[in-house]
Structure formats: structure tokens, C-alpha cells
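Trainee: Fold the stuff below for me.
(one chain, ligands or ions: 1)
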Amino acid sequence: MTHGRTHARPPEHRSPSRTSLLPGIAGAALRAYLLPGAAAVCPPLRAALGVRDRLEAADEVLLTFDDGPHPQATPAVLDLLRDAGVKATFFLVGEQVERCPQLAAEIASAGHEVALHCHRHRCLLRLTPRQVRDDLGRAQAVIGETTGRRPRRYRPPYGIFNAAALALARAQGWEPLLWSKDGRDWQRRASADSIAARVTRGLRGGDVILLHDADHYSTPGSWRQTLAALPRVLDAINDQRLRVAR
Ligand SMILES: [Zn+2]
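Mentor: The predicted structure follows:
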């Protein structure tokens, strides 16, 4: 799940006290370390940090799915995208790739982009630099071994970066990418209507659309609403004479 606003986050996803979990980092250094996390809720900060949330192309949108692969949701999404002739970007979770390696390979072989989300789905504000490097290194290795691809885009859980993650992304050449249109499909009260409305209201070229092809870290079964909303999202993209970026 990659939602950005903390007030709606389920209790189990709330970050515990930050300082107690980051031994050896305090004061100004701690603030600098955690500052990039604010980009999730403060769009003006994104450009300063080199974090993108839109494409440059004026006639294209990017369709992104986080948190997979998932044994039921991912095949259903792949079928729908195949029938629509559309390619998407899947921000994969390493531990889920380990559980469903075949599905991760199918995403890649179907021509979709595989991107990097995390290995374990944790809020980075709780992780030390070493933990961040270990997590992302493991995720990249698992994704590479399974799909034969090297991710070129990176989006952390909840869209919350920290300084270590951004530095690593820079060093590895991963483009840090958030989103401009959030379906909020992970929410308990989300419906196909609400998801489609959130994504398509004011949709324009350059938008990056966030959806989830999994319910590993969200409301059980939430992906069914995502799946039901997807044809409407694709129709709206067509109606706007936009294309889904490949
Ligand atoms: Zn996520």
C-alpha cells in the first residue's frame, strides 16, 4: 500500500516512536534523515528532493500497481490489461515475489515494467540506513533473479522516503516516483465507483495513477474493487484521448 496521508492509515501501519527505533541518529541529523518523508504529503517538496509524481509527456498517463504480486489479483489484472492492450508498471514487493515468482516473471514477460517497492512492506521512517540498504538490496536481487529485469523506478511503501532511500536510489539510478492520481483502492470503504472517480476526476496528460494489485497490506479483498474500477479508468483515459505510457 502506498497511500500518502497518515490520518487514514490503519492502526497497524502507524509508525511507532521514530527516535527510539533509530539508534545513533539524533537532532538535526535525524530531522534531515526523515525530511524526505514529508514529500508524501507536501508536493512542493518533491521537486527539491528529485522525486517525480508526473510524466513529462502531455498525451500519456502512467498506470501503476503497487504491493504485488498476488495470487488472485495479479493474474486478473494482467488478463484485463492484456485484453485492453495496455502496459502498466508494477512496483513489486520482494517478499511477495519470493512467494509468487512465476507471477512476477509473467508480469515481465507480458511486457509490463517491473519496478521496486520494497522487500518487506515497512514505513521507512522506522528504518536505519543499513536496514534500508539491506531491504532494497534484497528486493532488487529477488526481482532481478525472478524477472531478469533491473528496476529503473522506485516507490517506497506509503510513498514515504527517507534520506537513505533517496541516496540509494540516486546511486543505483532508480527514478523515485510517487503519483498524481490516487485511487485509494486500499481503503475499507473503497468501491469501484469511488476508485474510478478519484482516478479520473481532472485526469490529464502526465498523470501517474496509483492502484494496487494486492491486498497483502490493505483491506482483505480490496483488489476486487480495483479490478472492477479498471475498465472505467481505461475508458476515461481513452475518452481524454490520452495513451497509457508503455
Ligand atoms: Zn505499498
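
Trainee: Find the residue at the geometric middle of this protein.
Mentor: The centroid of the chain falls nearest to residue 66 when counting by C-alpha atoms, centre = their mean (4.1 Å).

Trainee: what's that one in contact with, if anything?
Mentor: 1-2, 90-91, 117, 155, 210-214 (C-beta atoms under 8 Å, 6 or more residues apart in numbering). The C-beta positions use only the backbone N, C-alpha and C, and glycine is treated the same way.

Trainee: Quick check: the gap between it and residue 73.
Mentor: Taking C-beta to C-beta, to the nearest Å as the measure, residue 66 falls 11 Å from residue 73.

Trainee: any shared contact partners between these two?
Mentor: 212-214.

Trainee: Which of the residues you listed fall within strands?
Mentor: residue 212 (DSSP state E).

Trainee: most remote residue from this protein's center?
Mentor: Centroid-distance maximum for the chain: residue 27 at 30.0 Å, with C-alpha atoms, centre = their mean.

Trainee: one step back: show me what the residue nearest to the centre of the chain bridges to in the sheet.
Mentor: Residue 66 has these beta-bridge partners by DSSP bridges: residue 91, residue 212.

Trainee: and residue 56, which of the three is it?
Mentor: coil (DSSP: H, G, I helix; E, B strand; the rest coil).

Trainee: Check the gap between the nearest residue to it once chain neighbours are set aside and the ion for me.
Mentor: The shortest distance from residue 56 to any non-neighbouring residue, by C-beta to C-beta, 6 or more residues apart in numbering, is to residue 206 (6.7 Å). The gap separating residue 206 from the ion is 22 Å, by C-beta to the ion, to the nearest Å.
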